[in-house]
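Visitor: Have a look at this prediction, sequence included:
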Amino acid sequence: MSVIVAKQLVKTYVAGDIKVEAIRGVDFTIEPASFVSFIGPSGSGKSTLLNLIGCLDPPTSGQLQVAGENIVNLSRQDAARFRGENIGFVFQDFNLIPVLTVFENVEYPLQMVQNWPKEKRRKQVQEMLAAVGMSDQGHKYPSQISGGQKQRVAVARALVTNAKLVLADEPTANLDRETANMVINLMKQMRDEFKTTFVFSTHDPRIVDNVEITFELEDGTLQRQETSVGGNHG
């Protein structure tokens, strides 16, 4: 079963008399455990599309299924619940909570969204920190670690709930080349290990070189879809 199916997806923003068609009748399908990116110039609709898939914004019309559920008409509350149970997010500015330690940041979704008991949470967080190579940094605060380490923590937090899907919006934008490559390799490793689907919105050629499928957007429409041999498993 496909992880994401979009049919004739439309998102229109209305401000007063002005209508902006951010997404216009887009169709695509994304399979489980894939590494996929949406590319295109600024304003092409990449981030809007990620927000629709992530249940952060409802579509104006069309169909959108994520992880087997039709998410188009979910109430705000149901959308939040669905997001918490199925989707992880990685942002370009990391979005870590400065007053929480690395450990607490990764634990946060389990505590706030999923309400796991303490012992089960602790074990899960330790496993995720180990998976991203941050076991010995759990006691530190975000201000005490590097950008690359922050993004590793963000990946751990995105995956800690056993999310089927991780949405990554420009996750390498604030990282130098070496660190960016490290984070991309880490995500590929996580994909292989946990069979999670990663969907990127990006300008970064380093990500595009590593994905299996690239969807190119322009003015809210899907211009083309490219499957790459270079971005295959391994």
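Guide: Yep, it's here.

Visitor: Contacts only, for Gly148.
Guide: With contact taken as Cβ atoms under 8 Å, 6 or more residues apart in numbering, Gly148 is in contact with Leu175, Thr179, Met182, Val183. Every C-beta, even on glycine, is put in place using the N, C-alpha and C of the backbone.

Visitor: Which residue is the nearest non-sequential neighbour of the third one?
Guide: Put plainly, it is Met182. What sits nearest to Met182 in space, not counting adjacent residues and going by Cβ to Cβ, 6 or more residues apart in numbering, is Gly148, at 6.0 Å.

Visitor: Please compute how far the helix or strand containing that neighbour lies from its chain's middle.
Guide: Using DSSP states H and E, Gly148 falls within helix 147-159. A distance of 12 Å separates the centroid of the chain from that of helix 147-159, by Cα atoms, centre = their mean, to the nearest Å.

Visitor: So what pairs up with the residue nearest the centre of the chain in the strands?
Guide: Nearest to the mean C-alpha position of the chain, by Cα atoms, centre = their mean, lies Leu167 at 1.2 Å. Taking DSSP bridges as the rule, Leu167 bridges to Phe89, Val199.

Visitor: ok, it - contacts?
Guide: Applying Cβ under 8 Å, 6+ apart, we find Leu167 in contact with Leu50, Ile53, Gly54, Ile87, Gly88, Phe89, Val90, Val199, Ser201.

Visitor: Please report how far it lies from Ile87.
Guide: 6 Å (Cβ to Cβ, to the nearest Å).
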